[in-house]
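Asks: Following is a predicted model, sequence given first.
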Amino acid sequence: MIRKIILFSLIGIFVIINLSAAQQFGIGIIIGSPTGFTAKFIMTQKSAIAANMGWSLGDNPKLHFTCDYQFLFPTVLRWTDDMSGEQREIKNLTPYIGIGGRFRFKENEATDNTELNIGLRLGGGAEYKISRFGIFLEIYPVVNVLPSTDFDIEGGLGARIYF
């Protein structure tokens, strides 16, 4: 129980520190693994911090917390038209690469205890913004490091409103 309190306190401090430095803040929902709530703090034009909280809806529902530092590439989809020679780009679409961690609380049916699983996430996705709304699709392979080494894939489709 003390470990959970320390963990939630550290996550809360991390979120408060980064919220104060954010240029934009978005909240919304994500459907996938996990399915739940999402938040994104855009720090600069090329960096952000995204966090998700939700559940894995398999046979044994698991509570997930994820947090990733994202490298944003807002102008990567730019090219020169061969016919006209004009510069073209897909506006409002921002691909990103992220690295972060995952905390998953899972009920162990054999011992009736809650297990904490910790994993490292490295993946990416893209977000399309329309005015104050963002729609995103992401995929993150996960290497679990605690309680045992394992491989998993997470990702989802989501939407956020930015303030």
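Replies: Thanks, I have the structure now.
Asks: Which helix or which strand is home to the nearest residue to residue 127 once chain neighbours are set aside?
Replies: Leaving aside its chain neighbours, residue 127 sits nearest to residue 136 (3.9 Å; criterion: C-beta to C-beta, 6 or more residues apart in numbering). (Glycine included, C-beta is placed from N, CA and C.) Using DSSP states H and E, residue 136 sits in strand 133-146.
Asks: quick one, the next helix or strand along the chain from that strand and strand 133-146 angle?
Replies: Using DSSP H and E, the helix or strand that follows strand 133-146 in sequence is strand 150-162. Taking axes from the mean of the first three to the mean of the last three C-alpha atoms, to 10 degrees, one finds strand 150-162 and strand 133-146 inclined to each other by 150 degrees.
Asks: Check which residues of strand 150-162 are buried.
Replies: 152, 154, 155, 156, 158, 160, 162 (16 or more other C-beta atoms under 10 Å).
Asks: I'd like the residues you listed written out as TSV, with pLDDT and distance to residue 102 added.
Replies: Converted to TSV, the buried residues of strand 150-162 look like this (pLDDT from 0 to 100; distance: C-beta to C-beta, whole Å):
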residue	pLDDT	distance to residue 102
152	87	8
154	90	7
155	90	12
156	93	13
158	97	16
160	96	19
162	94	24
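Asks: and of those, the nearest to residue 92?
Replies: residue 162 (12.1 Å; C-beta to C-beta).
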